[in-house]
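**Student:** after the sequence you'll find the predicted model.
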Amino acid sequence: MTIDWQTLWLTLELAFAVSAILLLLGLPIAYWIAFSRWRWKFLVEALVAMPIVLPPTVLGFYLLVALGPHSPLGRWWIALTGHTLAFTFTGLVIGSILYSLPFAVQPFAASFSGVDRKLIAASATLGASPLRTFLRVIAPLSVPGLVTGTVLSFAHTMGEFGVVLMVGGNIPGVTRTVSIDIFDRVQASDYAGANQTSLILLLMCFALLALVYGLNRKAGVIYPVK
Amino acid sequence: MSDARTPTAEAMSSSALSPPIARLEAKFSKRLAADGHDFILDVTFAAAAGFTILFGASGAGKTTLLDCVAGLTRPDFGRISVGDRELFDSSQKTDVAVASRRVGYVFQSLAIFPHMSVQENVAYGLAHLSQAERSARVAAILEAFRIVPLARRNAREISGGESQRTALARTLVTDPEVLLLDEPLAALDAVTKGRIIDDLREWNGVHQIPILYVTHSREEVFALGERVIVLDCGRIAAQGTPHEVMMAPLQETVAQLVGFENVFDATVEAVRPERGTMSCRITGDGGLLVLETPLVRGGVGATLRVGIRAGDILLATSPPIGLSARNVFPGRIQSLEQRDVIVSARVKCRVEMEVHLTLAARDSLQLAPGMEVWLVIKTHSCHLMQKMI
C-alpha cells in the first residue's frame, strides 16, 4: 500500500471542519438571501456564488494576500498568535470555507425559499417569533436542503486543489491534502500510487453524492415542499 | 413574544368570565402594483362581534384587506384598531408585529404544518403556556371541533374537512380578538360546511369576537351574514344586511358582483302604475324585445339597466300556455356548456341570454344546440338599476 493515510486523514479533518462551520455560518446567510427584500440582494447572491466560476487560483491568490503579513487580517493574526495564517491548517480552513460557501448556502437558501410562505405567515399569526418560526417550521421542512448543502460542501472541500495549493502549500501533516498528494505522485511518475489515491477520492465522492440524491428522493415523499 | 400574550391566571379567568366585545375598526389604503394592474385598496369599515361577510370577485382586494388587518401587509396609510388597542396607525408610526396582534387568520390554503400531528398543529400557538394549561386548552378545542380522534394523526393524512377543522381549532385555541377567514370552507360540500359553521357559531356565541369572512358565494352570504361588505376593485361598493345589499342592487358594479349573468340597456316604453309594472325595451343584435318589469321611478323614455339572473329564467321546449309569467319569448339554443353540476345555455331570442339549468333538466328535455325553445321570465325576476356612467 502506498496510500498516504496522514494526508487522507488531514483531508477528512479539513472537510469535517469546513462543512460544520458552513452549516452554522451558512444558515443566517441563506435565511437572509431567502427572505430579505433588499433590492440590492442580487449583488450579495452574486458574491456568494462567485467561487463556483472563479478560477481557484484567483481566489487563492487574494486569500494569500489577505492572510499574509501585509493585510490588516494577517497582521492581527500575527499579533495574536505570532505566526502568519498562510500555509497553516487554519488558513486552509478559512480558504476552504470561502471556496465552498456557495455549495452550502445555495441549497440552504433554495430550500428555505421553497417553504410555503403561508406556513410562515400562519406561524406568525399564531404568535411565534421569527426564531421560533425558523426552528419549528422552516428548518424542519428544509432538512433535505440542509443535508444536501452540508454534504456538498464536505465533498467539495475533499476535492479542492487550487485554493489549497495557493493558500496552504504542500506541508505534510499540516496542509498537504489528497488532491495535492495525487498531483505530487504524477509529477514523480508514481502512477500506481496516484491511481490508488484517486480511486479512493472518486469512490468517496460518489458515495457522498449518492447519499445526497438518495436522501432527496426519499425526502420528496416525506416533505412535499411547495 | 409580546406582553399582551403573557398568560396570567387572572387574565385568563377574566377573559373567560366577561368576554371583551371589541370592535374592529379600520380605515386604510394600500397601493398594489401587481401583474401589470395598478390597484388601490381604500376602505373604511367597522366590524362588531359576529360574522361580517367580505364579498367580491377575485381580484377585488379581499385577501389584501385581511392581510392588512393581520399585519402581513403594511397599508400605505390609515389606522386599524381592535377596541382601544391600536394595531396600525401611520400617523403615529404604530405597526404592531403580526405575532402580537392577536388576530387569528385561517388562510384559503389552511397552511396546516405538514410535519406535525393534528395535536401539535393545534398546540402550536400555545407555547407560552404551561404544559398542563396547554394540554387542557388543546383537549377542549379538539372536543369543540370534533377532532379528538384525529389528535395523533399526521397532518398529511387527514381529509379536507378535517383539515379545515384543524385549522380553525389551531387559530381559535389562541383566543384571538379578531378572526379572519379567507374562504376556508370553499372546497367543502354543503353539509360538511354547514356543520363546521354551526360549530364556529357556537364557539363565537361564547367568545363574541368580530369575524371577517371572505367568500364569493351568494349562498354563503345569506347563510352566514349578519352584515356584508361588497368589495369591488379595492373599494367598498356597498355594505349592509345581506338582504339590503344583495337583493336590491343600486349600482351596476354591485349588480354584476351579485350574479346577474344577463344585463341589458333598457328604455322605458310604457308605465302602468295601476298594475305596478312597466314595459322596457331592450335592443340586441337581432332586434328588440319588450320586457314587462316591476315599476320603478322614471318616466317613459328613461334609460335604465335590466339584470336577469341566469337561474331565474325558465326554458320550455313547446310554447307554454296558462302561465302567470308575463315575459315569454321564442328563441334558439346557441350552445350548451356544462359547468360543474350546472348547464349554462346561451339562447338567442333577438338578444342573447344566458340560462342556467340542472343536468336533469337538460337530459329530460333532450336539449341540444340549434333547438327551438321558449324563455319564460317573471316580471319580478327583472331587476332594474340606475345606469352608471
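**Tutor:** Structure received.
**Student:** so where's chain A shaky on pLDDT?
**Tutor:** For chain A, the stretches flagged by pLDDT under 70 are A:1-2, A:218-226.
**Student:** in it, what residue lies closest to chain B?
**Tutor:** Here the residue of chain A nearest chain B is A:Leu126; by CB to the nearest CB that distance is 3.5 Å. (Glycine included, C-beta is placed from N, CA and C.)
**Student:** what sits closest to that residue if chain neighbours are left out?
**Tutor:** Spatial nearest neighbour of A:Leu126, excluding adjacent residues (CB to CB, 6 or more residues apart in numbering or on different chains): B:Gly125 at 3.5 Å.
**Student:** please identify the helix or strand for the residue of the stretch 201-350 of chain B found nearest chain A.
**Tutor:** When scored by CB to the nearest CB, the stretch 201-350 of chain B has B:Leu212 as its residue closest to chain A, at 13.4 Å. Assigned by DSSP states H and E, B:Leu212 belongs to strand B:210-215.
**Student:** quick one: list the elements packing against that strand.
**Tutor:** Packing partners of strand B:210-215 (3 or more CB pairs under 8 Å, 6 or more residues apart in numbering or on different chains; DSSP states H and E): strand B:37-47, strand B:50-55, helix B:62-70, strand B:178-182, helix B:218-224.
**Student:** still on that earlier bit, B:Leu172 is in contact with the residue of chain A closest to chain B, correct?
**Tutor:** No - using CB atoms under 8 Å, A:Leu126 is not in contact with B:Leu172, being 11.0 Å away.
**Student:** tell me the secondary structure at the residue in the stretch 1-150 of chain B that chain A sits nearest to.
**Tutor:** Closest residue of the stretch 1-150 of chain B to chain A, CB to the nearest CB: B:Gly125 (3.5 Å). Three-state assignment for B:Gly125 (DSSP: H, G, I helix; E, B strand; the rest coil): helix.
**Student:** doesn't B:Phe260 lie inside a helix?
**Tutor:** No - checked against three-state DSSP, B:Phe260 lies outside a helix; its state is coil.
**Student:** tell me the contacts of B:His216?
**Tutor:** B:55-58, B:183 (CB atoms under 8 Å, 6 or more residues apart in numbering or on different chains).
**Student:** who in chain B is up against chain A?
**Tutor:** Within chain B, the positions adjacent to chain A are B:1, B:5, B:70-72, B:97-105, B:107, B:109, B:111, B:113-115, B:124-125, B:127-128, B:170-171, B:174 by CB under 8 Å from any CB of the partner chain.
**Student:** about what we covered before: let me have the contacts of B:His216 in CSV, extended by neighbour count and distance to B:Gly284.
**Tutor:** What follows is the contacts of B:His216, written out as CSV (neighbours: other CB atoms under 10 Å in any protein chain shown; distance: CB to CB, whole Å):
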residue, neighbour count, distance to B:Gly284
B:Phe55, 29, 30
B:Gly56, 25, 29
B:Ala57, 15, 25
B:Ser58, 9, 29
B:Glu183, 20, 36
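**Student:** may I ask which of those residues comes out lowest in pLDDT?
**Tutor:** In terms of pLDDT, B:Ser58 ranks lowest among those, with 71.
**Student:** identify the residues contacting B:Ile211.
**Tutor:** B:47, B:50-52, B:178-181, B:200, B:204.
**Student:** quick one: which two of the residues you listed are the most distant?
**Tutor:** Farthest apart among the contacts of B:Ile211 by CB to CB are B:Ala47 and B:Leu200. That separation is 15.5 Å.
**Student:** pLDDT averaged over whichever helix or strand B:His356 is part of - what is it?
**Tutor:** Using DSSP H and E, B:His356 maps to strand B:351-358. Computed over strand B:351-358, the mean pLDDT rounds to 89.
**Student:** hmm, who's touching that strand?
**Tutor:** Contacts of strand B:351-358 (CB under 8 Å, 6+ apart): B:261-262, B:264, B:282-286, B:289, B:308, B:310-311, B:313, B:315, B:331, B:334, B:341-347, B:367, B:375.
**Student:** again with stretch B:44-53
**Tutor:** With CB under 8 Å, 6+ apart, stretch B:44-53 has contacts from B:21, B:23-27, B:178, B:204, B:208-215, B:220-221, B:224-229, B:236, B:239, B:242.
**Student:** and those, which are buried?
**Tutor:** B:24-26, B:178, B:204, B:209-215, B:220-221, B:224-225, B:227-229, B:236, B:239, B:242 (16 or more other CB atoms under 10 Å in any protein chain shown).
**Student:** how about the residues of chain A near chain B?
**Tutor:** Proximity of chain A to chain B (CB under 8 Å from any CB) is limited to residues A:116, A:118-119, A:121-129, A:132, A:136-137, A:140-141, A:223-224.
**Student:** strands - which of the residues you listed land there?
**Tutor:** Among these, DSSP state E puts none in strands.
**Student:** buried subset of these?
**Tutor:** Buried, going by 16+ other CB under 10 Å: A:116, A:118-119, A:121-129, A:132, A:136-137, A:140-141, A:223, out of the residues of chain A next to chain B.
**Student:** quick one: which of those residues sit in helices?
**Tutor:** A:118-119, A:121-125, A:132, A:140-141 (DSSP state H).
**Student:** could you identify the most distant pair in these?
**Tutor:** Largest pairwise distance in these, by CB to CB, is 18.8 Å, between A:Thr125 and A:Pro140.
**Student:** now do the buried residues in the strand holding B:His356.
**Tutor:** B:351, B:353-357.
**Student:** TSV for the contacts of B:Ile211, including pLDDT?
**Tutor:** TSV is the format used below for the contacts of B:Ile211 (pLDDT from 0 to 100):
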residue	pLDDT
B:Ala47	92
B:Gly50	88
B:Phe51	89
B:Thr52	92
B:Val178	94
B:Leu179	95
B:Leu180	95
B:Leu181	93
B:Leu200	86
B:Asn204	88
